[in-house]
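Student: Could you look at this predicted model? Sequence included:
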Amino acid sequence: MTRIGSAIERSYREQREKLWRALLLFCGDREIASDAVAEAFAQLLRRGGAVRRPDRWVWRAAFSIARGELQRRGSWSTFMRERTIPARPPALFADACDVRRRATARGVPGATRRRRA
């Protein structure tokens, strides 16, 4: 086996599980994740020494392949709609006034509210 081939094989052994899990979380489909990993490494083998950083390249290629497959299936718009950012930030990031108002609404004793303010 060539030096490049052994480097790609090592990369495959080290990256495939992590990459597959990341793709599964990204697209939610085991088949797409498996196909994207296989296709990305197949393309990497075909390109051989033309790729300077195989580990980085294969991740970008795999996610691009998975995104393309989602688009081909017509799942991309649904996928993006389900992952939109909420209009209101979670309570964890609420401002101080909002925290005081919530404490009042919950019936926190007055002395405690004054200390917090």
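Tutor: Looks like it arrived, so ask away.
Student: Tell me which residues are up against the lengthiest helix in the chain.
Tutor: Counting residues, the longest helix found in the chain (DSSP state H) is helix 3-27. Under the contact criterion CB atoms under 8 Å, 6 or more residues apart in numbering, helix 3-27 has outside partners 1, 30, 32-34, 36-37, 40-41, 44-45, 48-49, 54-55, 58-59, 62-63, 66-67, 69-70, 79. Any C-beta I mention is one placed from the backbone N, CA and C, and that applies to glycine too.
Student: Out of those, which sit inside helices?
Tutor: Counting by DSSP H, those place 30, 32-34, 36-37, 40-41, 44-45, 54-55, 58-59, 62-63, 66-67, 69-70, 79 in helices.
Student: related to what we said a few turns ago, pull out the buried residues from the contacts of helix 3-27.
Tutor: The neighbour-count criterion (16 or more other CB atoms under 10 Å) marks 32-33, 36-37, 40-41, 44, 54, 58-59, 62-63, 66-67, 69-70, 79 among the contacts of helix 3-27 as buried.
Student: residue ranges with poor pLDDT in the protein?
Tutor: The model of the chain has pLDDT under 70 over residues 1, 4-5, 75-117.
Student: care to break it down by domain?
Tutor: Annotated domains of the chain cover 3-82, 89-117 [automatic domain parsing].
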